[in-house]
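>>> after the sequence you'll find the predicted model.
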Amino acid sequence: MELLKNIVAVRNYVSQAKKEGKSIGLVPTMGYLHEGHLSLARKARAQNDIVIMSIFVNPTQFGPNEDLERYPRDLERDKKLAEGARVDAIFFPSAEEMYPSNFATYVHVEVLTEVLCGASRPGHFRGVTTVVSKLFNIVQPDRAYFGLKDYQQATVIKRMVEDLNFPIEIVTVPTYREEDGLALSSRNKYLSPEQRQSARSLYRALKLGEELIHSGERQVEVVKEAMSKEILAHPETKIDYIAINNAETLQPLDEINGKILLALAVWVGSTRLIDNLVLEV
Ligand code: AMP
């Protein structure tokens with residue numbers, strides 16, 4: 001497996017692969033890899049000749065009071081895991097490589113980024129779409145892989161790819177969960193054993209919401225209230241948002257109908273976790 005530390009090295013690697021007529025799959029990550037990331041890599045492995053994974057803790061997608069500094073990093077561990085998933089190359093740029101001091105250009109997707117995590121984390125998606133655009137231009141993959149755990153992110157990226165005519169297929173991958181339902185996340189590392197127990201409340205609340213809807217409940221507020229109670233029954237939890245929105249437009253619903261997104265963001269101690277389910281009603 002190759003470790004590519006700068007843009008020139010990626011360009012050389014990719015131009016050789018393209019000369020040989022090989023297809024390229026890109027898996028963008030912030031590292032501290034877990035099975036969720038590896039499920040993306042495996043899907044990319046199955047669909048492409050070459051798999052490139054980027055590992056970059058992207059400063060522009062963190063707010064001033066967020067966890068950029070303490071975000072977990074461990075390249076040696078990541079290299080072994082990526083190699084195990086048969087990744088061909090890791091792109092591991094520095095912040096200066098991606099954002100030189102005269103950097104001044106950002107990509108912004110409107111509307112879809114104004115709700116859910118976009119409302120709680122101003123500027124977050126601008127950072128995501130900017131770095132993903134850069135990665136797309138640097139790597140020029142045929143396909144790029146995104147997890148549905150970050151459902152809004154995947155939706156925003158698909159919009160961007162269509163609007164800006166990136167010749168790239170966006171492939172989404174289902175959320176990979178622990179046995180008790182907790183979605184894998186690099187941030188789970190922050191949780192104490194007690195908080196880890198409380199973190200189960202996210203998936204439990206989503207499943208409770210799903211159950212209520214499947215048994216005929218159509219009032220958004222009734223479902224949200226039940227989900228909220230489930231979460232707050234666990235110690236150290238604080239709700240950032242619970243949303244029942246249209247799964248395509250991401251806009252809030254008045255009545256539960258069609259393809260819907262049940263999404264939530266919950267603080268467990270000082271760790272913010274997100275999760276979601278998509279339902280056809
Ligand atoms: P991150 O390193 O957290 O920015 O995530 C990199 C990619 O992995 C994103 O496309 C995420 O949606 C995806 N991902 C993260 N956690 C999971 C998970 N539990 N299941 C599936 N995909 C995930």
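Yep, that arrived. Numbering: from 1, shown residues only.
>>> now name the helix or strand holding Leu262.
For Leu262, the element it lies in under DSSP states H and E is strand 259-268.
>>> show me where the chain has its helices.
Ranges of helices in the chain, per DSSP state H, are 7-19, 35-47, 75-84, 95-98, 116-120, 124-139, 151-163, 193-198, 200-214, 220-232.
>>> ok, and what's touching the fourth one?
Which is helix 95-98. Under the contact criterion C-beta atoms under 8 Å, 6 or more residues apart in numbering, helix 95-98 has outside partners 5-7, 56, 58-59, 131, 134. (Glycine included, C-beta is placed from N, CA and C.)
>>> what residues of that helix count as buried?
Met98 (16 or more other C-beta atoms under 10 Å).
>>> now do the second one
Residues of helix 35-47 classed as buried by neighbour count (16+ other C-beta under 10 Å): 36-45.
>>> then the last one?
Buried positions in helix 220-232, judged by neighbour count with 16+ other C-beta under 10 Å: 220, 223-224, 226-228, 230-231.
>>> for the longest one, same thing?
Applying a neighbour-count criterion of 16+ other C-beta under 10 Å, one finds 124-136, 138-139 buried in helix 124-139.
>>> ok, now the first one?
Within helix 7-19, the residues that qualify as buried are 7, 9-10, 13-14, 17, counting by 16+ other C-beta under 10 Å.
>>> that helix to helix 124-139, inter-axis angle?
Orientation check (axes from the mean of the first three to the mean of the last three C-alpha atoms, to 10 degrees): helix 7-19 against helix 124-139 gives 60 degrees.
>>> could you do the second one as well?
Going by the same axes, to 10 degrees, helix 35-47 is angled at 30 degrees with respect to helix 124-139.
>>> helix 35-47: how far from the chain's middle?
Distance of helix 35-47 from the chain centroid (C-alpha atoms, centre = their mean, to the nearest Å) equals 14 Å.
>>> could you export it as CSV, CA atoms only?
Extracted as CSV, the C-alpha positions of helix 35-47 are listed here (Å, rounded to 0.1, in the frame of the first residue of the first chain):
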residue,chain,number,x,y,z
GLU,A,35,-15.6,-1.0,10.5
GLY,A,36,-17.9,1.7,9.1
HIS,A,37,-15.1,3.2,7.1
LEU,A,38,-13.9,-0.2,6.1
SER,A,39,-17.3,-1.2,4.8
LEU,A,40,-16.9,1.8,2.4
ALA,A,41,-13.5,0.6,1.4
ARG,A,42,-14.7,-2.9,0.8
LYS,A,43,-17.5,-1.6,-1.4
ALA,A,44,-15.0,0.5,-3.3
ARG,A,45,-12.7,-2.6,-3.6
ALA,A,46,-15.5,-4.6,-5.2
GLN,A,47,-16.3,-1.9,-7.8
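>>> fine by me, thanks again.
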